[in-house]
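**Q** Structure here, sequence nowhere to be found:
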């Protein structure tokens, strides 16, 4: 079941000035799926369209990549909360809003506002300018922080499953 995207809380920090982070007030939407394989927290995930049963294609997710053998599918969001998931585990996937997600800003660097695409590395996004004419599946998010290497940065999921 999806969480509501209604603005629930209007404070960004507590009375001591400690930031609440990205979870309150960012209109995030989270859904639960089943992991087809290992999925790391912060990894971009896609529906597992390699499943034979049509109903399973909307229940199971894999770490997204653009390798043909990896079934690049439709990227739907980022695995959050609770750390890594193993095959068969339930995994929380944020499908809209601000989220800390894996990126690789090695070549080229990622700037704030860059459009992000799935890369050949499972669960990792790269900047548009890194697409070399390979199997690009479409924009999956927007960088909200700069990155100059493999790291996790704040991203905006720009399309909703």
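**A** Received, thanks. In this text the structure is predicted, and so the values were computed from the model without any measurement. Numbers count the residues shown, from 1 in each chain.
**Q** C-alpha only now, for contacts and for neighbours.
**A** Fine.
**Q** Now do the strands in this protein.
**A** For the chain, the strands defined by DSSP state E cover 29-35, 44-47, 60-63, 75-80, 90-104, 115-118, 125-127, 141-143, 150-157.
**Q** looking at these, which is closest to residue 11?
**A** strand 90-104 (15.8 Å; CA to CA).
**Q** quick one, the closest one and strand 29-35 angle?
**A** 100 degrees (axes from the mean of the first three to the mean of the last three CA atoms, to 10 degrees).
**Q** Now do strand 90-104 against strand 150-157, angle only.
**A** Going by the same axes, to 10 degrees, strand 90-104 makes 110 degrees with strand 150-157.
**Q** Centre of the chain to strand 90-104, how far?
**A** 3 Å (CA atoms, centre = their mean, to the nearest Å).
**Q** what is the mean pLDDT for that strand?
**A** Averaged across strand 90-104, the pLDDT comes to 92.
**Q** what's it packed up against?
**A** Judged by 3 or more CA pairs under 8 Å, 6 or more residues apart in numbering; DSSP states H and E, strand 90-104 is in contact with strand 29-35, strand 44-47, strand 75-80, strand 125-127, strand 150-157.
**Q** Mind doing that once more with 7 Å?
**A** strand 29-35, strand 75-80, strand 125-127, strand 150-157 (3 or more CA pairs under 7 Å, 6 or more residues apart in numbering; DSSP states H and E).
**Q** For the longest one, buried residues please.
**A** Residues of strand 150-157 classed as buried: 150, 152, 153, 154, 155, 156, 157 (neighbour count, 16 or more other CA atoms under 10 Å).
**Q** contacting residues around it?
**A** Contact with strand 150-157 is made by 77, 95-106, 140-145, as judged by CA atoms under 7 Å, 6 or more residues apart in numbering.
**Q** what's the answer for the second one, then?
**A** Contacts of strand 75-80 with the rest of the structure, by CA under 7 Å, 6+ apart, involve 41-47, 64, 91-95, 101, 140, 157, 160-161.
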